[in-house]
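A.B. asks: give me the fold of what follows.
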Amino acid sequence: MPITERTDKGILFFSASSIKDAKQLLKSEIYDILVSYHYIKNSKTYSSEIIPETIRNNGLFMADSGAFSLLMKHMVTGETPPEMMKAEFWIPYLEQYVQWIYDNSHQIYCCSNMDLDNIVGRDIVDTWNEKYFKPIEKITNVIYLAQKDVNNWYGDKAGFKRFKEYCKYYGYVGVNAYYKNDVEKIYALAQQYKARIHGFALTANYHLTNYPFFSHDSTTWLGGVRYGTTYIDDGKNFSVIDYKKKYVRKKFKNIMTDKGINYEGALVDDRDGINSFNLEGWKGMRRNY
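C.D. replies: Below is the predicted model of the structure:
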């Protein structure tokens with residue numbers, strides 16, 4: 001696995017689903033960023049502007065495969081279209097993604113594999129891992145996401161069989177929110193196998209405090225715009241406050257003003273204002289992590 005200067009501390013990637021989100025992270029001086037290839041593939045802005053700026057500021061960039069985003073785009077009826085259950089459907093996208101990684105590996109800290117175990121089957125994913133992703137480990141870090149067997153095709157509904165397989169064979173293994181109730185066991189197994197673990201969307205304060213993985217990522221910082229949530233760090237504690245108590249933001253007028261945050265915007269849920277305010281809270285939580 002490639003070595004970087006920042007392998008001694010936990011990494012918290014902030015996920016961005018648009019160029020605007022990514023630029024707001026950079027504006028708030030957050031440089032560890034995750035973007036799905038689904039959003040990257042049609043834009044040169046990430047490779048030419050956003051990723052280079054993260055590197056200039058000692059940041060790390062992570063690329064997710066975007067397979068889930070593409071899947072959701074095609075699931076009009078709520079069910080997976082039959083053609084997407086076949087490996088042939090995914091090959092063009094997979095090869096474009098892999099080529100992009102090779103082309104930009106000098107700027108990427110890590111990338112994820114194509115975790116479609118419950119769509120095309122584990123055998124196909126294993127083939128992809130060996131053919132496409134194992135060679136990439138020579139040039140950048142690859143996270144192999146262990147999926148639980150939701151249909152119990154493999155007798156592995158708890159997902160630990162797959163997780164152990166990945167820990168034995170790969171150095172960097174991912175788990176997602178389906179494992180949120182198993183974090184303690186995952187943490188213990190990771191230590192047993194000496195594997196680095198990435199928590200996809202596993203950034204509950206309890207998880208980060210008690211079971212910090214090697215890295216995590218989250219889109220929760222966007223909760224203010226989506227749900228009216230307020231995130232505050234007072235220097236000692238990180239707090240999550242629901243939409244009914246948005247008035248608490250008024251108490252932080254001086255802090256917002258000093259940092260150049262749009263105070264009025266944060267009060268009325270202007271996208272830039274509330275995101276900038278909440279990111280200050282998340283930066284505090286990240287320091288603690």
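A.B. asks: wait, what's in contact with residue 216?
C.D. replies: The contact partners of residue 216, by Cβ atoms under 8 Å, 6 or more residues apart in numbering, come to 10-13, 198-199, 202-203, 207-208, 289. The way it works is simple: take the backbone N, C-alpha and C, and place the C-beta from them, glycine included.
A.B. asks: 10 Å - rerun?
C.D. replies: By Cβ atoms under 10 Å, 6 or more residues apart in numbering, the residues touching residue 216 are 10-13, 34, 197-204, 207-208, 286, 289.
A.B. asks: I'd like the distance between it and residue 12.
C.D. replies: Separation of residue 216 from residue 12 (Cβ to Cβ, to the nearest Å): 5 Å.
A.B. asks: where do the contact lists of those two overlap?
C.D. replies: Listed contacts common to residue 216 and residue 12 are 34, 199, 203, 208, 286, 289; contacts here mean Cβ under 10 Å, 6+ apart.
A.B. asks: compute the number of surrounding residues for residue 102.
C.D. replies: Using other Cβ atoms under 10 Å, residue 102 has 12 other residues around it.
A.B. asks: and it, what is it in contact with?
C.D. replies: Applying Cβ under 10 Å, 6+ apart, the residues contacting residue 102 are 108, 135-136, 139-140.
A.B. asks: circling back: which of the shared contacts of residue 216 and residue 12 fall within strands?
C.D. replies: Counting by DSSP state E, the part of those found in strands is 34, 199.
A.B. asks: correct me if wrong: residue 287 contacts residue 280.
C.D. replies: No. If you go by Cβ atoms under 10 Å, residue 287 and residue 280 don't touch, sitting 11.2 Å apart.
A.B. asks: the two: who's more crowded?
C.D. replies: Taking neighbours as other Cβ under 10 Å, residue 287 and residue 280 compare with residue 280 leading, 19 against 11.
A.B. asks: can you tell me the element the more buried one falls in?
C.D. replies: Residue 280 is part of helix 271-288 when elements are defined by DSSP states H and E.
A.B. asks: now the contacts of residue 102 in TSV, with pLDDT and secondary structure?
C.D. replies: Output for the contacts of residue 102, formatted as TSV (pLDDT from 0 to 100; DSSP: H, G, I helix; E, B strand; the rest coil):
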residue	pLDDT	secondary structure
108	94	coil
135	97	helix
136	97	helix
139	95	coil
140	95	coil
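A.B. asks: farthest-apart pair in those, please.
C.D. replies: Pairwise distances across those peak at 14.7 Å for 108 and 135 (criterion: Cβ to Cβ).
A.B. asks: quick one, which of these two is more surrounded?
C.D. replies: Each of residue 108 and residue 135 has its neighbours counted (other Cβ under 10 Å); residue 108 has more, 23 against 12.
A.B. asks: do I have it right that the more buried one meets residue 139?
C.D. replies: Yes. Using Cβ under 10 Å, residue 108 is in contact with residue 139, at 8.8 Å.
A.B. asks: mind jotting down where the strands sit in the stretch 1-150 of the chain?
C.D. replies: Secondary structure of the stretch 1-150 of the chain (DSSP state E, counting those that start in this stretch): strands located at 11-16, 33-36, 61-64, 110-112, 141-145.
A.B. asks: pLDDT value on residue 196, please?
C.D. replies: For residue 196, the pLDDT comes out at 94.
A.B. asks: return the member of the strands of the stretch 1-150 of the chain having the minimum mean pLDDT.
C.D. replies: Among those, strand 11-16 scores lowest, with a mean of 92.
A.B. asks: tell me what that one is packed against?
C.D. replies: helix 19-27, strand 33-36, strand 61-64, strand 196-200, strand 215-218, helix 271-288 (3 or more Cβ pairs under 10 Å, 6 or more residues apart in numbering; DSSP states H and E).
A.B. asks: could I get the ones you listed as JSON lines with distance to residue 75?
C.D. replies: Shown next, in JSON lines, are the helices and strands packed on strand 11-16 (distance: least, Cβ to Cβ, whole Å):
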{"stretch": "helix 19-27", "distance to residue 75": "23"}
{"stretch": "strand 33-36", "distance to residue 75": "16"}
{"stretch": "strand 61-64", "distance to residue 75": "18"}
{"stretch": "strand 196-200", "distance to residue 75": "19"}
{"stretch": "strand 215-218", "distance to residue 75": "23"}
{"stretch": "helix 271-288", "distance to residue 75": "27"}
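A.B. asks: perfect, that will be all.
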